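1. let me see the structure of the following:
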Amino acid sequence: MYQLENIQYFYGLLILPILILLFVMMSLWQKRARKRYADATLLKKLSPDSSAGKRVTKLILMLLVFACLTLAMVNPKMGTKLETVTRKGVDVVFAIDVSKSMLAEDIAPSRIEKAKQLLSRTLDELDNDRIGIVVYAGNAYPQLPITTDYSAARTFLKTISTDDIPTQGTAIADAIDLSMEYFDNEDQKNRVLFIISDGEDHESGTESAAESAAKNGVQIYTIGVGNSKGGPIPIRRNGREEYKKDREGNVVVTRLDEDNLKKIAKAGDGEYINGASTKRVVDFVKETLGGMEKTEFESKQFSEYKDQFQWFLGAALLLLLLDSLALERRTAWLKKLNLFGNNDE
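-> Numbers count the residues shown, from 1 in each chain. Model prediction:
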């Protein structure tokens, strides 16, 4: 198991394509400049030791140096000690709506980003509960199996987008049915499903699925993202941002359907809460789970992590040494090898 201490330093890798672009531009400029003053054959005779391959080699070395330094700043940590820990908590599954309507920006920055923000802030407040993540649109798919590894949950959460599921629609019933498969502990006294959605539902049977879940001991709470005024659905096509339109060419406006979410929560023996206030939602989830009876379970986790930045720093220093030894002209020993048979007889 590993952890990334300073993940924000990955942005340093953006310098790599910039260096490549500068190298290409410089090479083209040098090529044009040489053509102005002398013939290519004459230049080759005047500077027989010049090597374009060496310049490329030095560029590759420099790119690897920057990559290693970036990874050193990120500081990956490897788990070195695995131990079994006894915890008391509740099994919680979060089902996140990733249909295209979640791209609407009637709540900042967008519904899908707001949903991810709500879950991220909630994870910061949870401790011993086991969590799982389901995503759904036209179909439901497992995103994260139920686990106590909150680091993995945060990693998977960052990757969630409205492009995850090609089949469009909003099948909340499928999300409920799939979530039921996550609750594998029959002795768990309290099991909870939080549905984060704008409430649009294009399938039937959602309330009956919620009732069935409640009968099997799973409480369903719904969290609404968006507002009643609604907003258009932005779609990027050919590098341009447009808005989704219906068959008549009118811009589609999607609205938060609180009534539907309230019905689902009621059928699932839970409650509905509007997700406009992140703090209010986090407090609600924390209070809801805190008031439930906990079940004791065992989990394995890494208790000790060791820094690994020194390996990348050492590699960067070694590459810098190689770069300093690699001249841009052909070396004498390489010429003697005559690998390509170009030496004059």
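2. mind pulling the model confidence for Gly12?
-> With respect to pLDDT, Gly12 scores 86.
3. ignore the last one, Ala326
-> pLDDT recorded at Ala326 is 67.
4. Leu313 now?
-> So Leu313 comes in at 90 (pLDDT).
5. same question, the one 5 residues further on
-> With respect to pLDDT, Leu318 has a value of 91.
6. can you check Asp39 too?
-> Asp39 carries a pLDDT value of 62.
7. Gln310 now?
-> On pLDDT, Gln310 comes in at 87.
8. also Lys88?
-> On pLDDT, Lys88 comes in at 78.
9. equivalent analysis for Ile235, please.
-> 86.
10. ok, what's across the strand from it?
-> Going by DSSP bridges, Ile235 is paired in beta bridges with Glu242.
11. once you drop chain neighbours, what's closest to Asn274?
-> Using C-beta to C-beta, 6 or more residues apart in numbering and skipping residues adjacent in sequence, the residue nearest Asn274 is Gly224, 5.2 Å away. To be clear about C-beta, it is placed using only N, CA and C from the backbone, and glycine gets the same treatment.
12. counting neighbours, what do you get for the one you found?
-> Using other C-beta atoms under 10 Å, Gly224 has 26 other residues around it.
13. and it, how close does it get to Ile264?
-> Distance of Gly224 to Ile264, computed by C-beta to C-beta, to the nearest Å: 11 Å.
14. with Ile273 instead?
-> Taking C-beta to C-beta, one finds Ile273 at 13 Å from Ile264.
15. spit out the residues that contact the two alike.
-> Each of Thr222 lies in contact with both Ile273 and Ile264 under the rule C-beta atoms under 8 Å, 6 or more residues apart in numbering.
16. more neighbours, these two?
-> Shown here are Ile273 and Ile264; by other C-beta under 10 Å, Ile264 has more neighbours (26 against 20).
17. that one: what secondary structure?
-> Following DSSP: H, G, I helix; E, B strand; the rest coil, the label given to Ile264 is helix.
18. that one contacts Glu211, correct?
-> No - look at Ile264 against Glu211 with C-beta atoms under 8 Å: they stay out of range, at 9.8 Å.
19. contacting residues for Ala214?
-> Taking C-beta under 8 Å, 6+ apart, we find Ala214 in contact with 220, 267-269.
20. now it: which helix or strand?
-> Per DSSP states H and E: Ala214 is located in helix 206-215.
21. C-alpha coordinates for that helix, CSV please?
-> C-alpha atoms of helix 206-215 as CSV (Å, rounded to 0.1, in the frame of the first residue of the first chain):
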residue,chain,number,x,y,z
THR,A,206,-37.5,3.4,-7.6
GLU,A,207,-39.8,3.6,-4.6
SER,A,208,-40.4,-0.1,-4.5
ALA,A,209,-36.6,-0.7,-4.6
ALA,A,210,-36.3,1.7,-1.7
GLU,A,211,-39.0,-0.1,0.3
SER,A,212,-37.3,-3.4,-0.4
ALA,A,213,-34.0,-2.0,0.9
ALA,A,214,-35.7,-0.7,4.1
LYS,A,215,-37.3,-4.2,4.7
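22. continuing past the helix or strand harbouring Glu296, what's the next helix or strand?
-> Assigned by DSSP H and E, Glu296 belongs to strand 295-307. Once strand 295-307 ends, the next helix or strand along the chain (criterion: DSSP H and E) is helix 309-325.
23. and that following helix, what other elements does it pack with?
-> Helix 309-325 sits against helix 52-74, with contacts defined as 3 or more C-beta pairs under 8 Å, 6 or more residues apart in numbering; DSSP states H and E.
24. tell me the pLDDT at the most centrally placed residue in the chain?
-> Closest residue to the average C-alpha location of the chain: Thr159 at 2.5 Å, with C-alpha atoms, centre = their mean. Here the pLDDT value assigned to Thr159 is 91.
25. show me where the stretch 151-300 of the chain has helices.
-> Secondary structure of the stretch 151-300 of the chain by DSSP state H, counting those that start in this stretch: the helices cover 172-180, 206-215, 258-267, 278-290.
26. ok, Val92 touching Lys286?
-> No - assessed by C-beta under 8 Å, Val92 is found out of contact with Lys286, at 11.2 Å.
27. mutual contacts of these two, please.
-> Residues touching both Val92 and Lys286 (C-beta under 8 Å, 6+ apart) are Leu126.
28. so which of those two has more stuff around it?
-> Val92 (25 against 14).
29. the strand or helix carrying that one to helix 278-290, inter-axis angle?
-> If you go by DSSP H and E, Val92 is part of strand 91-97. Inter-element angle recorded for strand 91-97 and helix 278-290: 150 degrees (by axes from the mean of the first three to the mean of the last three C-alpha atoms, to 10 degrees).
30. buried residues in the helix or strand just after strand 91-97?
-> On the C-terminal side of strand 91-97, the nearest following helix or strand under DSSP H and E is helix 111-125. For helix 111-125, a neighbour-count test (16 or more other C-beta atoms under 10 Å) marks 111-119, 122-123 as buried.
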